[in-house]
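Undergrad: Just need the structure, nothing else, for what follows:
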Amino acid sequence: MSTIKIRLGTMMFLQFFIWGGWFVTLGTFLSQNLGADGPQTGMAFSTQSWGAIIAPFFIGLIADRFFNAERILAVLHLIGAVLMYLMAQATDFAAFYPLVLGYMLAYMPTLALVNSVSFGQMQQPEREFGQIRVWGTIGWIAAGLVISYLFGWDAAEAIAAGALQNTFLMCAAASLALGLYSFTLPATPPAARGSQVKLGELLGLDALKLLKDRNFALFFVSSILICIPLAFYYQNANPFLTAVGVENATGKMTLGQVSEVAFMLALPLFLNRFGIRWTLILGMAAWVLRYVLFAYGDAGSGMALLLVGIALHGICYDFFFVSGQIYTNSKAGPAYKSAAQGLITLATYGIGMLIGFSVAGQVTQAYTTAAGADWTQIWLFPAGFAAVVLVLFALIFKNETLAVSAEKQGERHV
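TA: From the prediction side, this is the model:
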């Protein structure tokens, strides 16, 4: 591997080590350390959505026009290090919430910035980017393994002692390291310096005309709706696994990222063999199965059900969301590719997840009493919801041929 790829891979590793190092255990931290209830937990997780909504404005108005991407990346991660340190010191939800909101407003734009820095150094992005991006997934996996198997911060007795506070300190140190390291990255000047700012382009609104196509309109609505079950996983999986007595829950959850890499490799083959319709259907069906397995699994004889449910993450995410990006790219054509991707990102990580985290918080609260959470009922809700979306989608969506070959698009999104 060339020196530049090693440098970019290190950047990606730290970028996603930071996110995976605190976001996975956030729900458990909020309930155990801060005594947060379901709606409050939903509010905390929804800061990701607010960050996703703000990010296009930040990148389009500032990063693409005035400053080098690597310098903005550095400053945002240094700000993030301070906020992450302060989050570790918070003793109640009222003090924690503005900090996590500020952090996500700073962090979410960096997801686009690391891509910009990477693409700026590549001659063939469609072939080279996957080799760099995979180190982000490895970073996420490493964070979970460190938390569970190196430090044991997610063990029952450690959680009771408030050890999850250390995840924020660890990520603060990683943010500081990435912030300083980013100043050494290759210069990535603003690509649109001096160009006219168009609000429609920032939000992807130029691609709204694609909604005239019935298939794409159904996919668009389904993407928003399926984010509700997705939010349940992000928000409740770690607290659930911890509550039912699964040891090293955070480490075991990295099975999801391992499967994500494996199924990403299988995605182009599946698209070619079965088409976009069956690929999307399988992705939604996996959400239904995953939550049924969670509803009836346990840390004893039902442990296999939980592990399979975690490992289904690769199908759940890759076969719906990644194939959805490929489908969107195919439908948009050259003129609206960027606008269409911006629109679908706003719809899913913005609107969809914002609704999803709120619903997950309310449902969790409704099935939680002084005796504890009724996890069976909590998980059956997103299972049933995903099943309804699946049936409607399967009945209405018609299969079609992608305009761009699945192999090339699969390489682009690995």
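Undergrad: Mind checking the pLDDT average for the top helix by length along the chain?
TA: If you go by DSSP state H, the chain has its longest helix at helix 255-296. For helix 255-296, mean pLDDT is 92.
Undergrad: Mind listing what's buried along the helix or strand following that helix?
TA: Sequence order places helix 303-311 as the next helix or strand after helix 255-296, per DSSP states H and E. Buried residues in helix 303-311, counting neighbours by 16 or more other CB atoms under 10 Å, are found at 303, 305-306, 309-311. C-beta coordinates here come from the backbone N, C-alpha and C atoms, glycine included.
Undergrad: hey, C-alpha coordinates of helix 303-311 in PDB?
TA: Extracted C-alpha coordinates of helix 303-311, given in PDB (Å, rounded to 0.1, in the frame of the first residue of the first chain):
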ATOM      1  CA  MET A 303     -28.000 -16.400  22.600                       C
ATOM      2  CA  ALA A 304     -27.700 -17.700  19.000                       C
ATOM      3  CA  LEU A 305     -30.800 -15.700  18.000                       C
ATOM      4  CA  LEU A 306     -29.200 -12.500  19.300                       C
ATOM      5  CA  LEU A 307     -25.900 -13.200  17.500                       C
ATOM      6  CA  VAL A 308     -27.700 -13.900  14.200                       C
ATOM      7  CA  GLY A 309     -29.700 -10.700  14.700                       C
ATOM      8  CA  ILE A 310     -26.600  -8.700  15.100                       C
ATOM      9  CA  ALA A 311     -24.900 -10.400  12.100                       C
END
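Undergrad: Okay, Gly130 and Ser118: tell me how far apart.
TA: From Gly130 over to Ser118 the distance is 11 Å, taken as CB to CB, to the nearest Å.
Undergrad: Looking only at neighbour counts, state which of the two leads.
TA: With neighbours defined as other CB atoms under 10 Å, Gly130 and Ser118 compare such that Ser118 has more, 25 against 16.
Undergrad: quick check, that one in a helix?
TA: Yes: judged by DSSP: H, G, I helix; E, B strand; the rest coil, Ser118 forms part of a helix.
Undergrad: can I assume Leu78 is in contact with Ala177?
TA: No: if you go by CB atoms under 8 Å, Leu78 and Ala177 don't touch, sitting 10.3 Å apart.
Undergrad: Flag the shaky bits of the protein, pLDDT-wise.
TA: In the predicted model, the chain carries pLDDT under 70 at residues 1, 56, 58-65, 125-126, 191-207, 333-339, 403-414.
Undergrad: And the strands in it, which stretches?
TA: With DSSP state E applied, the chain shows strands at 368-369, 372-373, listed in chain order.
Undergrad: among the ones you listed, which is nearest Ala142?
TA: strand 372-373 (29.6 Å; CB to CB).
Undergrad: Could you list every helix and strand that the longest helix of the chain packs against?
TA: If you count contacts as 3 or more CB pairs under 8 Å, 6 or more residues apart in numbering; DSSP states H and E, helix 255-296 packs onto helix 125-145, helix 214-243, helix 303-311, helix 313-317, helix 323-332, helix 375-396, helix 406-413.
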